[in-house]
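Visitor: 3D model of this:
(chains A and B)
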2 protein chains.
Amino acid sequence: MSLLVCVTRRDNTKLLAKLRSLLPDVEINEWPHCSALDRVRFVLAWGAPDDLWPQLPNLEVVQSYGAGVDGIAMTLLPAHVVVTRIVDKQLAADMAEYVLTHVLAHKLRLRQYFTQQIQHSWKPKRAHQGMKVGIMGLGELGKVVAERLIANDFRVSGWSATPKSLPGISCYSAAAQLSEFLSELDYLVCLLPLTEQTQGILNRHVFEQLPNHCVLINVARGRHVNEEDLLWALDNGELAGASLDVFSQEPIDATHPFWSHPLITVTPHCAALTSIDTACEQIAANYVALINNEQIDNQVDRARGY
Amino acid sequence: MSLLVCVTRRDNTKLLAKLRSLLPDVEINEWPHCSALDRVRFVLAWGAPDDLWPQLPNLEVVQSYGAGVDGIAMTLLPAHVVVTRIVDKQLAADMAEYVLTHVLAHKLRLRQYFTQQIQHSWKPKRAHQGMKVGIMGLGELGKVVAERLIANDFRVSGWSATPKSLPGISCYSAAAQLSEFLSELDYLVCLLPLTEQTQGILNRHVFEQLPNHCVLINVARGRHVNEEDLLWALDNGELAGASLDVFSQEPIDATHPFWSHPLITVTPHCAALTSIDTACEQIAANYVALINNEQIDNQVDRARGY
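Guide: Residues are numbered from 1 along each chain as shown, chains lettered A, B, ... in the order given. Next up, the predicted model:
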């Protein structure tokens, strides 16, 4: 049996070296350099081509190279295939720090002062006072982000597809409670998984229900945002700003209107970078579990999609 | 007896209205519109002219209109005059939020990403990892700033003129321990009072002892910084950046080199703005205490100078 790495559109030199050092006796190939596809039982994947999957008759585990599985075309996989993902505690801590930093940056008008500095303009203003943060998505990441905000005196509410109950957080769920959740927020943070249901969820309808002074922080996936609707909301005073770390296409094109929009802060998908070391330890452990017929960690609910 | 307001170079309309509403039966004059200077026992002052003080034979209390007393020429006051200042809890909380925000902004490279956004440039980088913050000045403000940083997992050390012992903070004091305090910091925060001893304390000698990757955050007074030395340190790789909220002259001149320096973040003395309401409540309470021969709150040690 062998392990196939099919992580496209990036240089995998370090990843392969680390994996080979952790699994010295295992045959590890990098797609498309693999002659015996029938020996592949485990694939590490992100952005794999659709026609790969029918060529792997003995596939048992697909390990996503990321915290999400939106880089895996799950509908193309046989039902018995286990899909798993990287769960990195540092990732959650980094995400929490990113969200806290960008909430505070808006509160203290950092972007405004950076711009005034370029203009050599001295205009002191009081910080914004709003302390209510709403988090969409209360999974591993959402919970840690909420805790960090609460520790800094923010009032946190959360919205998720299914009902949840978490200490210190006002919890809302499903479409029926979305309006109530949105109606009084100062900051809206998106940490949802990307599924058919959540794609484009941050749209005109949502922006209209938020207070006009609200600021959006998207650290989930670019495709959660309807980009045209976001520009409309910012240009029509329906939203006061946005900090975006993720985009429907990355890197965003040099001509994309987000770059030069005065109310949008763009960061280059840097909120939480997966550590190759942590990821490889989990990948190797799952590969060994497969060989030993043991439980695969961090499995995804394929029916739910995350 | 009467209360004289001598707060120069600003519009005091709101301040006077608030004071008059709190002390409706008191004669309140705004310098220089005061005919009977011999009736003045209480002066609210900031930047008062030196020749005011000899004209006030019955002066008993000088209330500084700020958290510091560097706007009061204390050497010109008779020894029996009590000097007091505003102690605003919100001021300490705001200062802590400013320091945390600017430390996190450096850690997460916000300024770098703002600049890259202007250039439409996509270059993700890991956040800086340094977590050691040194605070110069462990008074009312320094303590609250330290607590906020500790709550966010930073390791905090402190330096003060006289020895202090504070929970969770490695404390250093006096000139003898300055080198040791500076030697391993990732961030240096200045919250010292401005005195003859501390003026120009942030100079080439200090910058040379800090690690080269260290970032300075000055939220105390502009005159703590030797501005030429700071530019020298940044331009020669002795310091990685500076967030400055205070300057030796405010507003800073349009031609000042700080505005356009790529490693300096300028904010317009906005870290902690005294609330007129809170300040007036303390001023009125102290005026009433003087009338009733009671203890004046928040007195300054005139020998020490803060």
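
Visitor: quick one: average confidence on the strand or helix carrying A:Thr115?
Guide: Applying DSSP states H and E as the criterion places A:Thr115 in helix A:110-118. In this model, helix A:110-118 carries a mean pLDDT of 97.

Visitor: need the next SSE after it, C-terminal direction.
Guide: Once the chain leaves helix A:110-118, the next helix or strand it forms, by DSSP H and E, is strand A:132-136.

Visitor: Hmm, A:Glu208 is touching A:Leu239, no?
Guide: No. Counting by C-beta atoms under 8 Å, A:Glu208 stays clear of A:Leu239, with 9.4 Å between them. Yep, even glycine has a C-beta here, placed from its N, CA and C like the rest.

Visitor: which residues in the stretch 1-150 of chain A form helices?
Guide: According to DSSP state H, counting those that start in this stretch, the stretch 1-150 of chain A carries its helices in the segments A:13-22, A:89-107, A:110-118, A:140-151.

Visitor: The last one and chain B, are they touching?
Guide: Right, helix A:140-151. Yes. For helix A:140-151 and chain B, the contact criterion (C-beta under 8 Å from any C-beta of the partner chain) is met by A:Ala151.

Visitor: cool, and the second one?
Guide: Yes. For a cut-off given as C-beta under 8 Å from any C-beta, helix A:89-107 has contacts with chain B, namely A:Asp94, A:Glu97, A:Tyr98, A:Leu100, A:Thr101, A:Leu104, A:Ala105, A:Lys107.

Visitor: list the contacts for the closest residue to the fourth one other than its chain neighbours?
Guide: Counting by C-beta to C-beta, 6 or more residues apart in numbering or on different chains, the nearest residue to A:Leu100 once its immediate chain neighbours are dropped is A:Arg148, at 5.4 Å. For A:Arg148, the contacting residues are A:Ala96, A:Glu97, A:Val99, A:Leu100, taking C-beta atoms under 8 Å, 6 or more residues apart in numbering or on different chains as the criterion.

Visitor: Between which two of those is the distance greatest?
Guide: Across the contacts of A:Arg148, the longest distance by C-beta to C-beta is 7.5 Å; it joins A:Glu97 and A:Val99.

Visitor: sorry, back to before: would you convert the residues of helix A:89-107 next to chain B into JSON lines that also reports pLDDT and neighbour count?
Guide: What follows is the residues of helix A:89-107 next to chain B, written out as JSON lines (pLDDT from 0 to 100; neighbours: other C-beta atoms under 10 Å in any protein chain shown):
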{"residue": "A:Asp94", "pLDDT": "96", "neighbour count": "23"}
{"residue": "A:Glu97", "pLDDT": "98", "neighbour count": "21"}
{"residue": "A:Tyr98", "pLDDT": "98", "neighbour count": "23"}
{"residue": "A:Leu100", "pLDDT": "98", "neighbour count": "22"}
{"residue": "A:Thr101", "pLDDT": "98", "neighbour count": "24"}
{"residue": "A:Leu104", "pLDDT": "98", "neighbour count": "20"}
{"residue": "A:Ala105", "pLDDT": "98", "neighbour count": "26"}
{"residue": "A:Lys107", "pLDDT": "98", "neighbour count": "19"}
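
Visitor: so, if you compare these, which one comes nearest to B:Gln295?
Guide: The closest of those to B:Gln295 turns out to be A:Lys107 (C-beta to C-beta; 37.3 Å).

Visitor: measure the closest residue in space to that closest one that isn't next to it in sequence to B:Asn286 for me?
Guide: Nearest residue to A:Lys107, sequence neighbours excluded (C-beta to C-beta, 6+ apart): A:His128, at 5.0 Å. Here A:His128 is placed at a distance of 32 Å from B:Asn286 (C-beta to C-beta, to the nearest Å).
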